[in-house]
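> quick one, structure for this:
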Amino acid sequence: MSDQIFVHRTHLNFPAEQVFAWHARPGAFERLMPPWEQVQLVERTGAIRDGDRTHVRIRVAGIWLDWIAEHRDYVEGRQFRDVQVQGPMRRWEHLHTFEPAGPDACTLEDRITCELPGGKLGEIIGGRFNRHKLERMFAYRERLLTQDLAVHARYAADRPWTIAITGASGLIGSALTPLLTTAGYTVKHLVRREPREAHEIRWSPDAGDIDAAALAGVDAVVNLAGEPVMGWWNEAKKQRILDSRVNGTRLIAQTLATLDPPPRVLVNASGINYYGSSGGEPVDESSPPGEGFLTETCQAWEAATQPASEAGVRTVMFRLGMVLSPKGGALATMLPIFRAGFAGPLGDGRHWWSWITLDDAIYAITHALFSNAVQGPVNLTSPEPVTNRDFTRTLGKVLGRPTVLPAPRFALRLGFGEMADETMFASARVMPRGLQETGYTFAYPALEPALRHLLGR
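Residues are numbered from 1 along each chain as shown. Next up, the predicted model:
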């Protein structure tokens, strides 16, 4: 059988050694895997040197398959090869080469040689599909790598930082960690169980307990922890939403205030629910709070950071909009309905949705970490919010699906109660003035290009 060969070349305005080092650090695999692919990292031994292995599970046609690749032909700063030793392909080799193009640029070549399963029939049926899949994947990887390297260059610290993250297994934390580790920073995770890895720190917000000694010497803390908002809001659920945010944040802030020296910065989550449902009037960080349970939660959440700020820790409260990623959150929930052709606006669709891509969310958090001008409340939203109707039409257009079946407000209110009013139907036209005034540049300010990037369309 003949091999299928795929070659993708990327010109990068960074030295070959720097790009190679990015690939050799923890987190490179996670950053380069497109978010629409269903892949689970099972185990990694080593990095990319000869004999190191990566074991993942991939979902193909609804079936999870094991794929183990071994790294070979390692040449420092110039190349490494991934070879399938177990997996669905009859043969798979991926050669990465880094060719200098002067002192400050290089060409990254990805050369894949593979043989599909099923012999000649498999080649006929799957050859075109496989090439299209690789083209989508490597177009994404090129965009992502170019953006990440630019972010790392822009926000390079005076020395390697150590950054602690709570909520590291969530949607944002699981993307932020590899962005930071590929830059060469040390990332520690606060976990609610006994630590099993060297980078883990024990804490228990419910018990008011934290390993303060393990935080000594940390340069920054990013607090992302909190009970999920989705679900039926009975009084117990609402209390968990409030307590998980306020108690955890207060514990972090009080602990940081006792450290000598304290960290340079605390970046703490909040939400645009601070503004309540403000109709179609644009709001920014200077706007007053709205009304409702989530507004009150955000106010208490932000107030809980006060012990850190009083101790001289630069404190940022980032008010998150709807974070878009097919890996989780609102977009992942919507996609099956849209793909089935059963989607439409929520109610009349006139309420405003303020959104941000997952990539811009973690880039903006990086901006907050390393930019001393960023302080206080900061909106993490795209500068181009849209109405729910326009969001629905745009997502349908990107997916090539109709969006003509509106979801009646009364039905969603019956199914989700108060939560529907404060999330799905809340109208918040939030502008990211704080980010823009401190020099942040959005990678994806407009919705359609953002969705095409996230979905590989």
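
> hey, let's count contacts and neighbours off CA atoms from now on
Will do.

> against which helices or strands is the helix or strand containing residue 308 packed?
Element membership for residue 308 (DSSP states H and E) is helix 306-310. Counting contacts by 3 or more CA pairs under 8 Å, 6 or more residues apart in numbering; DSSP states H and E, helix 306-310 packs against helix 235-258, strand 314-320.

> what sits against residue 451?
Taking CA atoms under 8 Å, 6 or more residues apart in numbering, we find residue 451 in contact with 395, 398, 457.

> just the pLDDT at it, thanks.
With respect to pLDDT, residue 451 has a value of 98.

> got the phi and psi for it?
The phi and psi values for residue 451, taken as degrees, to the nearest 10, are phi -70, psi -40.

> give me the low-pLDDT residue ranges for the stretch 1-150 of the chain?
Scanning the stretch 1-150 of the chain for pLDDT under 70 picks out 1-2, 118-119, 121-127.

> which residue ranges of it form strands?
Taking DSSP state E, counting those that start in this stretch to define them, one finds strands in the stretch 1-150 of the chain at 4-12, 39-45, 53-60, 63-75, 79-86, 91-100, 106-115.

> which of the ones you listed sits closest to residue 420?
Nearest to residue 420, of all those, is strand 39-45, at 31.4 Å by CA to CA.

> tell me the buried residues in the closest one?
Across strand 39-45, burial judged by 16 or more other CA atoms under 10 Å covers residue 39.

> single out the most deeply packed of the helices and strands packed on helix 306-310.
Each of the helices and strands packed on helix 306-310 was scored by mean neighbour count; the highest is strand 314-320, a mean of 24, by mean count of other CA atoms under 10 Å.

> quick one: name whatever helix or strand follows that strand.
Proceeding C-terminally, strand 314-320 gives way to strand 322-324 as the next helix or strand, assigned by DSSP H and E.

> which residues touch that next one?
329-331, 353-358, 361, 381.

> go through the longest helix anywhere in the chain and flag the buried ones.
The longest helix of the chain (DSSP state H) is helix 119-154. Across helix 119-154, burial judged by 16+ other CA under 10 Å covers 123, 127, 134-135, 137-138, 140-142, 144-146, 148-149, 151-152.

> for stretch 3-14, same thing?
4, 10-14.

> return the distance of the longest helix of the chain from the chain's centre.
19 Å (CA atoms, centre = their mean, to the nearest Å).

> which strands and helices lie in contact with it?
By 3+ CA pairs under 8 Å, 6+ apart, helix 119-154 packs against strand 4-12, helix 28-32.

> run through who's touching the longest one.
Put plainly, it is strand 4-12. Contacts of strand 4-12 (CA under 8 Å, 6+ apart): 105-115, 127, 131, 134, 138, 142, 146.

> now do 10 Å
19, 91-101, 104-116, 123, 127, 130-131, 134-135, 138-139, 141-143, 145-146, 149-150 (CA atoms under 10 Å, 6 or more residues apart in numbering).

> phi, psi of the spatially closest residue to residue 152 that is not a sequence neighbour?
Closest residue to residue 152 apart from its sequence neighbours, by CA to CA, 6 or more residues apart in numbering: residue 183 at 6.0 Å. Dihedral pair for residue 183: phi -90, psi -10, per degrees, to the nearest 10.

> on that earlier part again, so which of the helices and strands packed on helix 306-310 is nearest residue 39?
The nearest among these, by CA to CA, is strand 314-320 at 26.5 Å.

> what helices and strands are in contact with the closest one?
Using 3 or more CA pairs under 10 Å, 6 or more residues apart in numbering; DSSP states H and E as the contact test, the elements touching strand 314-320 are strand 220-223, strand 265-271, helix 293-303, helix 306-310, helix 358-370, strand 376-380.

> 8 Å - rerun?
Against strand 314-320 (3+ CA pairs under 8 Å, 6+ apart) you get strand 265-271, helix 306-310, strand 376-380.

> what's the closest of the helices and strands packed on helix 306-310 to residue 296?
Closest among those, using CA to CA: helix 235-258, at 8.9 Å.
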